[in-house]
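Peer 1: show me the folded form of this:
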Amino acid sequence: MTEKLVYVKPLEVKEDIMSRKWLKNYGSYNHMPEPWVKIDDGTFAEIARRGTPDYLEYRMILVDNKGEKEYIPSYIYWYNAGGLMVIFEFDDNDKSIMQFYLVGCIHEFDDTSDGKGGHLLTCRSCGYNDIVYDEDIAWGLGEING
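Peer 2: All right, here's what the predicted structure looks like:
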């Protein structure tokens, strides 16, 4: 499927992302959004395959590397239910290492079934809600945890 790329004003993107219940702090160009948790590459791939992100953002994150401040490149894939972040770090041999993070609430859903294959999922922590269908769950595109 081909999707149209459109230009969106940066302020509009920031306002849209900041309006989402699961994000406590948007951060800045040099700081990570909050909350976040480190994840492995398998979890990153599982979440990323569920759909196209709403926005892709590039940041230079300021980190403390063994007592020295440095900026490292990162990409945030903003989805409706949360963000995925990839940070490119370098080891002692200047070899690039990708680190993966989940940005936003770690959703734990209550499930309200409509009896016809639809499930209204509401996060106990942040109140985010989504609708998932039995077909999505069978294909591994939706998840009900609780």
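Peer 1: C-alpha from now on. contacts and neighbour counts both.
Peer 2: OK.
Peer 1: quick one, helices of this structure?
Peer 2: 10-18, 41-48, 134-138 (DSSP state H).
Peer 1: what is the burial count for residue 104?
Peer 2: 24 (other CA atoms under 10 Å).
Peer 1: contacts for stretch 97-116 next, please.
Peer 2: Contact partners of stretch 97-116, identified using CA atoms under 8 Å, 6 or more residues apart in numbering, comprise 22-24, 33-41, 44, 82-91, 119-126, 144-146.
Peer 1: and stretch 120-133, by the same measure?
Peer 2: By CA under 8 Å, 6+ apart, the residues outside stretch 120-133 that reach it are 21-22, 81, 105, 107-114, 117-119, 142-144.
Peer 1: what of stretch 26-43?
Peer 2: For stretch 26-43, contacts defined as CA under 8 Å, 6+ apart pick out 14, 17-18, 23-25, 59-62, 71, 99-105.
Peer 1: one more time with 6 Å
Peer 2: 24, 25, 59, 60, 61, 62, 100, 101, 102, 103, 104 (CA atoms under 6 Å, 6 or more residues apart in numbering).
Peer 1: buried ones among the residues you listed?
Peer 2: With burial judged by 16 or more other CA atoms under 10 Å, the buried subset of those is 24, 59, 60, 61, 100, 101, 102, 103, 104.
Peer 1: and the residues you listed, which two are furthest apart?
Peer 2: Distance extremes for the buried ones among the contacts of stretch 26-43: the farthest pair is 24 and 60 at 20.0 Å, using CA to CA.
Peer 1: counting neighbours, which of the contacts of stretch 97-116 end up buried?
Peer 2: By 16+ other CA under 10 Å, those give 22-24, 33-36, 44, 82-89, 119-123, 126 as buried.
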